[in-house]
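**Q** based on what follows, work out the 3D shape:
(chains A, B and C)
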Amino acid sequence: MANATQPFRLPQIGLVDRNAPLTFRFDGQALSGFRGDTLASALLANGARLIGRSFKYHRPRGLLTAGPEEPNGLVELRTGARREPNTRATVAELYDGLEATSQNRWPSLGFDLLSINALFAPALMAGFYYKTFMWPASFWERLYEPAIRRAAGLGRAANAEDPDTYEKAFAFCDILVIGGGPAGLSAALAAGRAGARVILCDDDFALGGRLLSERREIDGLPASQWLARTIAELESFPDIRVMRRTTIFGVYDHGVYGALERVADHVMAPAPHQPRQRAWRIVAKRAILAAGAIERPTVFGGNDTPGVMLAGAVRTYVNRFGVAPGREAAIFTAGDDGWNTARDLAAAGVKIVAVVDSREQVDPNLRTLCEGFGAPLYAGASVFGASGGKSLRRLAIREANGSVRTLACDLLTVSNGWNPTIHLASHQGHRPVWNAAIHAFVAGDLPDGMRVAGSAAGRFSLREALLDGAQLGAEAAQDCGLATKQSAPAPATDPEAVAVAPVSRVAGSRGKAFVDYQNDVTDRDIELAAQEGFRSVEHLKRYTTLGMATDQGKTSNLAGLAIMAELTGKTIAETGVTMFRPPYAPVAIGALAGHHRGQDFRPVRLAPTHQWSKELGAVFVESGLWRRAQYYPQPGENDWLTTVNRETLAVRGGVGVCDVSTLGKIDIQGADALTLLERVYINNWSNLPIGKARYGVMLREDGFVMDDGTASRLGETHFLMTTTTANAVKIMQHLEFCLQVLWPTLDVQIASVSEQWAQMAIAGPRSRDLLRAVIDEEHDISDDAFPYLAARMVSVGGGVEARLFRVSFSGERAYELAVPAGYGDALARALMAAGRPFGVTPYGLEAMGVMRIEKGHVAGGELNGQTTARDLGLARMMSGRKDFIGRVMAGRPALVEPDRPILAGFKPVDRAQRLRAGAHFLGLGRSADLDNDEGYMTSVAYSPNLGHWIGLGLIKRGAERIGERVRAYDPVRNGDVEVEICNALFLDVEGARLRG
Amino acid sequence: MRLPCPHCGTRDVQEFTYLGDANVKRPGADEMSEAAMTRYVYERDNPAGRQREYWHHSSGCHAWIVVTRDTRTHRIESAEPAKPLVQS
Amino acid sequence: MRYSIFTLAAQTLRGHRGWKPVWRDANPRPEYDVIIVGGGGHGLATAYYLASQHGLSNIVVLEKGHIGSGNVGRNTTIIRSNYLLPGNTPFYELSMKLWEGLEQDINYNAMVSQRGVLNLYHSDAQRDAYARRGNAMRLAGADAELLDREQVRAMLPFLDYDNARFPIQGGLLQKRGGSVRHDAVAWGYARAADRCGVDIVQNCEVTGLTIDADGIHGVETSRGPIRARKVALAVAGSSSRLAAMAGLRLPIESHVLQAFVSEGLKPLIDTVVTFGAGHFYVSQSDKGGLVFGGDIDGYNSYAQRGNLPVIEDVMESGMALWPGLGRIRVLRHWGGIMDMSMDGSPIIDHTPVHGLYLNAGWCYGGFKATPASGWCFAHLIARDQSHPVAAAYRLDRFATGHVIDEKGAGAQPNLH
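**A** Residues are numbered from 1 along each chain as shown, chains lettered A, B, ... in the order given. Model prediction:
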């Protein structure tokens, strides 16, 4: 039966493509397999038994299963930056050139020095670490923990930038069918025939589920024919989407399902422009969970020896992959299903050396079958020890009469019944319920819209799977308002027996008996947990780590619970229930992130003049999502300060231009527009004439400052509000709340026009001269016609509508000129061209910051959500004649305490010293502790006009302390500067520059 | 999670911004006081169960809506535009 | 039974037959001096400190499920005292000091691991805000260092420095921060309290509070009435529900915060790192899993689970910070219910009901606070006055305006 290169490959059995040989490497050794193999089946075909090492004891481990529940067969797949640790060999599709490496062993898989841990195993019981390593305290971080960390963990992450890309996608359907086995396929078929929009997802690369693993008949023909016919019909419906290699990993609210499609995991590398994986959000009105079942192991001594495998998995390897997992097989079964494995192994030519059926009464037909194998039948017996180290060699069997015998074999198939795969049904917090008849948990209450079919519902026969699928598929279609035709008669299936009398653990085992293979939790650990009071399911899990490994207890949770029930004299139902958290199977972080990484993490918002700034060599800075010009270095300027000083002086001495389009702009119109402004701003607006702008401050309802900006009255009932860049969206939302919820009767309409207008600040003594050159002649902008705070419609460039505001952040004579956003770039270039005679200078955020600090204008550093209008010296703006948002709460005792830190200016006593924002103020000679903390520096700048650093800050009773010296204490930057408290207005106290 | 916007239909929760309890009501001019405002601004029933709450369809129609939702199950009972509700 | 390497060795030789229950599973008696409602970290720590620091022992802790089944077993295990405001800094620094001596005090290895907490900054404004914070920490006696980009790069060379949308400029490092094995905190305090004579009653849900004009007289439970003149609530996540039994409306909303763990991996990262340009923080547990999380989902919820938008947001932020995460797989995600208070800070105070004490509003910061919360709550209960470092955690601060708003987000719990 062997061939030269794949000694365990069976001839003529299985679905692998013998015409498509593939080569791969495991731990450097070149091996071969076929298309249609998994890494696991190909390894078995090559006779590999030892695949990995366990987490704690580093015991040798082989494959237990053939599916996503695999606890042992974890490898590092691929190499370099594509290395994927902890990949289950059972679901890794084989491709040509695949490279896999065993993990969690040193120096090699066969010879693992860390298996010395097994020697200490008697001490390394559950929770041992809670009881020791406490003295001396400092040794934990230095000695104990590093040792534990190195020994723990499983595979090694590449920790290099993932070279592959990922996508996110959305899909909508009437019915989502989860699982492409017989139940799922018939559900999709029934729903599809009714005209429903169906998505069928299966995590395997081939549809069919267990049908691929079993030798079954449907309607008297091999099941493969029914399968082929069904798939063909499904794929003929335009509204059915079949998604192979797609795992539904989570169920979320309101019919949202998370799915992971493995687009290119079955090839060496994704094709150009193809993602490796795609994360889907599937929105479905109804879902049918047809995820099948997971076979459960039995807990007995040495049950982790490579060569001990689950019976259903063995059938998968034999029938689907054409691989014999051993040459001499013993069968250990608690029910009828194990006999199917015996039958299939025998049919494939594997010698059956014994059948151990834990039931006393074995059906006479099975006895006859056993005779046909020429193998002894031990009824009412159990396997209590398996041994052989890296590969199974011997079993110890206890017969019904108590006598013990040993048996040589290299494969033991374990059959102990199946657990419905109901993980997804409990993702919404619904508790599974115990079904004593099948000795398993089944779904209880279900997520809205979900139904469960076939094995996933604990109905394990093929007949039930087909029936359930057809019925639930049709019902789901009806629920979606689709009429279903008379259903076709259910296909007939060959006879099957599914009786089982499960054995959770074999008493009197020899050697360690594992419950959770990967985390090395034994039955003794569970006994210890019970002894120490960790008896609830959650305590059991957390204390022993049962079910916490990468398989999340898919094969171990129930056994652990059953042993705990046995130890505490309770039923399993009384002991508790295992809940499942998403994801059903581990999902790559990259897939859920999609393309949101690197520069594409978040969108970039560019000012209308971005290209113009770029051409001028601007240095940009991230400001929220905006990328804004920070400063414009010129040749020969070697540091940012030189540039910023030049820009600042140029504005104060001549004229500068700066894009301020990022400010929020809200158009407000309606009979009650003025009323709205009165209610949202603290200051008075009723006397604002048409054609004028005014500075305003808004509070949150809790009395703290929310935002500031200007509003201009463009008409009797028409205003334009500006907000800070950071709060543009929030203020819009706030105004909408005011109008829709607080005062719905106000006759006001608002619209955000932030993106519709490009806005340039033109600042400096020559700003009017420059403007005169770009604004169409008919508009009079003389100081008489257009004084400080004027706001009016104008036009530029021969009729392009524009808005001109005489407002100033810099404290200079300044204007803001807005044009439709598409003209922003042209406006900037026009200003530069027209400004050449005046030495116009583009300036960025830094220079703007310097100038506003020189003028004591508050910005982000001061508007931090923790300050009141009073704190910022704006108390006198608060109108006493009207109600406004935040008025009442701003009067709370703590907000008007005289000791609150309030805004002041600061300058270094030694003018050569630099100031830093974030420094705290301490009285001179006071110790550096919290009791002496008097406030902190909010913003600093080097003032080229004054020739030294200046700062704004909040300090207790600041207004009364002008001239006093304090420490600006900044230990995190080794700073401790003596500063003088001064007026926050550093320049042009009278405001003369503003007007001319 | 998906919310049924009364204007736009059922949309992903990502399109919405949450504010909170829709049962609190800003005191009118006659009942305005620090105590009343403290109740309005800070105190909440925070029910484990049915709650009426404000959401803003910020990536959609910009309507504030009142959603009635069970905070234990996230199940949604209704969603209505806030404006006519508060006007009535 | 004292835990030590010697006991462990002796028990190993005896086949571990001698280990006793870590705490007694007590049945409730009809009357106690103090009833603590909530067998989470805070409730158990309170019980332990009431017994060990204030000489009280006639105490019961009532837990509706199993001890440690709330947020103490659901958090991402981070400890730190990197707070900004004077109402908070001394409290969290006390907590840090208690962590530093915890294991020796309670004779239980909770794996307090001071591997450092690093908060990254990505702009000048953020740097200055962290400087303000770091300086505040230093004034409060905590440790804080402001690192520049190259210092961060030396520590964590695998983060994205060169192709990032929001380049890392530096970080605020608290070396004494780190992580603690969360479940062990509940079990260790339970064991220590039990050894002081405290009754820990599981599966005992409080269904009502017995209150008259004199104040509180006890509680109704699923296991019958229990009398006490002092009842202390430590039920974060359910505070509003319990307070409602006393007719109180709290400045609290319940929100879900999700958390994530990856498959086990060989050591990748020692410190706890917080991304400053998105919602993401990560550390690696001793078992090898990356433990990480992000922002709350943002809507009121009592369901211990969240939704995909926040999950994806966390993964995006993770990838933006650390591009090597791409092929690492999320093993499990879950949600915990947070008491999100209106200013983002907790409440440890009397209530208007005489004898009823409240410990609530921990937002997503409750775990690190566990020792100090227990310490200060015990002080309040035993002496009827606030502990000095918790004096700002008044329930009436919302009325008076003495809010402790670290983020400056205002009265909107989901923004804290």
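**Q** got a list of what residue A:159 touches?
**A** Residue A:159 makes contacts with C:158, C:268, C:324, as judged by CB atoms under 8 Å, 6 or more residues apart in numbering or on different chains. For every residue, glycine as well, the C-beta is placed using N, CA and C.
**Q** how about the strands in the stretch 251-400 of chain C?
**A** Using DSSP state E, counting those that start in this stretch, the strands of the stretch 251-400 of chain C run over C:252-264, C:272-274, C:281-284, C:289-300, C:329-341, C:347-350, C:356-360.
**Q** would you list those in TSV and tack on distance to chain B, mean neighbour count and mean pLDDT?
**A** Conversion of those to TSV gives the following (distance: least, CB to the nearest CB, whole Å; neighbours: other CB atoms under 10 Å in any protein chain shown; pLDDT from 0 to 100):
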stretch	distance to chain B	mean neighbour count	mean pLDDT
strand C:252-264	5	25	97
strand C:272-274	23	24	98
strand C:281-284	22	24	98
strand C:289-300	5	24	97
strand C:329-341	9	24	96
strand C:347-350	12	24	98
strand C:356-360	11	27	98
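**Q** my read: residue A:497 touches residue A:336, true?
**A** Yes. Counting by CB atoms under 8 Å, residue A:497 does reach residue A:336; the two are 3.9 Å apart.
**Q** can you list residues touching both of these two?
**A** Common neighbours of residue A:497 and residue A:336 (CB under 8 Å, 6+ apart) are residue A:363.
**Q** pick out whichever of those two has more residues nearby.
**A** residue A:336 (19 against 14; other CB atoms under 10 Å in any protein chain shown).
**Q** pretty sure the more buried one is touching residue A:501, no?
**A** No. Residue A:336 is not in contact with residue A:501 according to CB under 8 Å; the separation is 10.1 Å.
**Q** hang on, the earlier thing: for the contacts of residue A:159, which one is nearest residue C:281?
**A** Closest to residue C:281 out of the contacts of residue A:159 is residue C:268 (14.7 Å), distances taken as CB to CB.
**Q** what's the neighbour count on that closest one?
**A** Residue C:268: 20 neighbours (other CB under 10 Å).
**Q** mind listing what it touches?
**A** A:157, A:159, C:158, C:284, C:290.
**Q** in TSV: these, plus distance to residue C:242.
**A** Below are the contacts of residue C:268 laid out as TSV (distance: CB to CB, whole Å):
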residue	distance to residue C:242
A:157	44
A:159	46
C:158	45
C:284	36
C:290	35
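**Q** quick check, nearest of these to residue B:81?
**A** When the contacts of residue C:268 are compared against residue B:81 (criterion: CB to CB), the nearest one is residue C:290, at 43.7 Å.
**Q** next one: the closest one from residue C:327, what distance?
**A** 12 Å (CB to CB, to the nearest Å).
**Q** kindly report the same for residue C:69.
**A** Residue C:69 is 33 Å from residue C:327, by CB to CB.
**Q** correct me, but residue A:859 touches residue A:917?
**A** No. Under the criterion of CB under 8 Å, residue A:859 makes no contact with residue A:917, lying 11.5 Å away.
**Q** the two: which is more packed in?
**A** residue A:917 (23 against 19).
**Q** next, the more buried one: secondary structure please.
**A** coil (DSSP: H, G, I helix; E, B strand; the rest coil).
**Q** what are the structural domain limits within chain A?
**A** A:1-162, A:166-293+A:420-479, A:297-416, A:503-593, A:664-753, A:895-995 (automatic domain parsing).
**Q** how about the residues of the stretch 601-750 of chain A near chain C?
**A** Counting by CB under 8 Å from any CB of the partner chain, the stretch 601-750 of chain A comes close to chain C at A:601, A:602, A:604, A:621, A:622, A:623, A:700, A:701, A:702, A:703, A:704, A:706.
**Q** mind putting these into a markdown table with neighbour count and pLDDT?
**A** Output for these, formatted as a markdown table (neighbours: other CB atoms under 10 Å in any protein chain shown; pLDDT from 0 to 100):
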| residue | neighbour count | pLDDT |
| --- | --- | --- |
| A:601 | 22 | 98 |
| A:602 | 17 | 97 |
| A:604 | 14 | 97 |
| A:621 | 16 | 96 |
| A:622 | 18 | 94 |
| A:623 | 17 | 93 |
| A:700 | 21 | 98 |
| A:701 | 22 | 97 |
| A:702 | 29 | 98 |
| A:703 | 27 | 98 |
| A:704 | 26 | 98 |
| A:706 | 22 | 98 |
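**Q** just the ones of the residues you listed in strands?
**A** Of these, the ones assigned to strands by DSSP state E are A:621, A:622, A:623, A:706.
**Q** surely the last one meets residue A:698?
**A** The reference is to residue A:706. Yes. Assessed by CB under 8 Å, residue A:706 is found in contact with residue A:698 at 4.7 Å.
**Q** ok, and of the ones in strands among the residues of the stretch 601-750 of chain A next to chain C, which contact chain B?
**A** For chain B, no contacts are drawn from these by CB under 8 Å from any CB.
**Q** ok, so of the residues you listed, who is nearest chain B?
**A** Using CB to the nearest CB, residue A:706 comes nearest to chain B of these, at 13.3 Å.
**Q** from residue A:722, how far off is that closest one?
**A** 14 Å.
**Q** closest to residue C:316 out of the residues of the stretch 601-750 of chain A next to chain C?
**A** Residue C:316 lies nearest to residue A:601 out of these, by CB to CB, at 6.4 Å.
**Q** and the closest one, what is it in contact with?
**A** C:164, C:165, C:166, C:277, C:278, C:316, C:317, C:319, C:320.
**Q** chain center to stretch C:373-393: distance?
**A** Here stretch C:373-393 is found 17 Å from its chain centre; the criterion is CA atoms, centre = their mean, to the nearest Å.
**Q** right, is stretch B:37-57 up against chain A?
**A** Yes. Looking at stretch B:37-57 against chain A by CB under 8 Å from any CB, the contacts come from B:37, B:38, B:40, B:41, B:54, B:56.
**Q** list the buried residues for that stretch?
**A** B:37-48, B:51-57 (16 or more other CB atoms under 10 Å in any protein chain shown).
**Q** next one: stretch C:200-213
**A** So, applying 16+ other CB under 10 Å, buried residues of stretch C:200-213: C:200, C:201, C:202, C:204, C:206, C:209, C:210, C:211.
**Q** out of those residues, which are inside strands?
**A** Using DSSP E, the buried residues of stretch C:200-213 in strands are C:200, C:201, C:206, C:209, C:210, C:211.
**Q** now the two most distant members of those.
**A** C:200 and C:211, at 24.6 Å, using CB to CB across those.
**Q** what parts of chain A come near chain B?
**A** Residues of chain A found near chain B (CB under 8 Å from any CB) are A:252-256, A:281, A:283, A:428, A:448, A:701-702, A:729, A:733, A:736-737, A:740-742, A:744-745, A:883, A:888-889, A:891-892.
**Q** tally of neighbours for residue A:654?
**A** Residues near residue A:654, counting by other CB under 10 Å: 20.
**Q** that one contacts residue A:839, correct?
**A** Yes. Applying CB under 8 Å, one finds residue A:654 in contact with residue A:839, separated by 4.8 Å.
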